[in-house]
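Visitor: please find the sequence and the predicted model below.
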Amino acid sequence: MKFVVKIGGSLLRYKDELEKLCSTLGELATKYKMLIVPGGGKFADLIRDVDKIYGLSPLTSHRMAILAMDQYGLLLADITPNSTVVYTVDEIGEVWKKKRLPILLPSRLLFTSDELPFSWDVTSDTISAYIAKLLKIEKLILVKDVDGIFARDPKRYPETFMLKEITPKELLNIETCIDTFLPKFLLLEKGLTCYVVNGLHPERIKQILEGEKPIATIIKA
């Protein structure tokens, strides 16, 4: 089985934990075929700030944010053992044959596509789902710094609870840690199962790869 694993930019705040996660993924790549898609993190936040000042066109801000993903991807490659940077779909299979972990820098691939809206509603969450669709991969792991999707914002409502499973349609009606366009994309592109999992606990990602049920939220296909 193959997996797309998106590593959220929020994990940049946790140096030791991010390095442990990357080390774990590098080891797991010898057994499992995974493709890493980087988030944007602080790199994308800078583009948001510039956009607010200059009022960039949607296309320009979208492409600059994708380049921010490239930058985070280079950082991840630098701290992930057994990894290889890739730019195209064709390179991924060759890296898998060597039992290494491909880390996709997505700008080259996405600059030739206009299938996704040029909007801040589309972040690396939806982009990683789009890449999974291109590769015909049915499992997407969204690695965040939270345990999963909650019924309400846990920062504002401490009494809330985490959802073990949810459908894309149900996601349309609640505020979550994923981007607002992803549920719409999942409703259109059938067959993609997503997991929202906490990257501060790398063993949970390993459990997903092994077919177990860790602490995480499943967005059902």
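Guide: Alright, I've got the coordinates.

Visitor: and the nearest residue to Asn82 once chain neighbours are set aside, what's its pLDDT?
Guide: Leaving aside its sequence neighbours, Asn82 sits nearest to Gly26 (Cβ to Cβ, 6 or more residues apart in numbering; 4.0 Å). Yep, even glycine has a C-beta here, placed from its N, CA and C like the rest. pLDDT for Gly26: 98.

Visitor: go on, Glu17?
Guide: 98.

Visitor: name the residues that touch the helix or strand hosting it?
Guide: Here Glu17, judged by DSSP states H and E, is contained in helix 15-28. Helix 15-28 has contacts (Cβ atoms under 8 Å, 6 or more residues apart in numbering) with 5, 7, 11-12, 34, 36, 76, 79-83, 101, 143, 199-200, 202-203, 205-206, 209.

Visitor: returning to that earlier point: next, count neighbours for the residue nearest to Asn82.
Guide: 17 (other Cβ atoms under 10 Å).

Visitor: circling back: among the contacts of helix 15-28, which ones are buried?
Guide: Buried members of the contacts of helix 15-28, scored by 16 or more other Cβ atoms under 10 Å, are 5, 7, 11-12, 34, 36, 76, 80, 82-83, 101, 143, 199-200, 202, 205-206, 209.

Visitor: from Glu138, how far out is Glu94?
Guide: Distance from Glu94 to Glu138, counting by Cβ to Cβ, to the nearest Å: 22 Å.

Visitor: whoops, Asp121 was the one
Guide: Separation of Asp121 from Glu138 (Cβ to Cβ) stands at 24 Å.

Visitor: then the helix holding Glu17 to PDB, C-alphas only?
Guide: Provided in PDB are the C-alpha atoms of helix 15-28 (Å, rounded to 0.1, in the frame of the first residue of the first chain):
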ATOM      1  CA  LYS A  15      12.500  21.200  16.800                       C
ATOM      2  CA  ASP A  16      13.300  18.000  18.800                       C
ATOM      3  CA  GLU A  17       9.900  16.400  18.000                       C
ATOM      4  CA  LEU A  18      10.100  17.300  14.300                       C
ATOM      5  CA  GLU A  19      13.600  15.800  14.000                       C
ATOM      6  CA  LYS A  20      12.400  12.600  15.800                       C
ATOM      7  CA  LEU A  21       9.400  12.400  13.400                       C
ATOM      8  CA  CYS A  22      11.700  12.800  10.400                       C
ATOM      9  CA  SER A  23      14.000  10.100  11.700                       C
ATOM     10  CA  THR A  24      11.100   7.700  12.200                       C
ATOM     11  CA  LEU A  25       9.800   8.300   8.700                       C
ATOM     12  CA  GLY A  26      13.200   7.800   7.200                       C
ATOM     13  CA  GLU A  27      13.300   4.400   8.900                       C
ATOM     14  CA  LEU A  28       9.800   3.400   8.000                       C
END
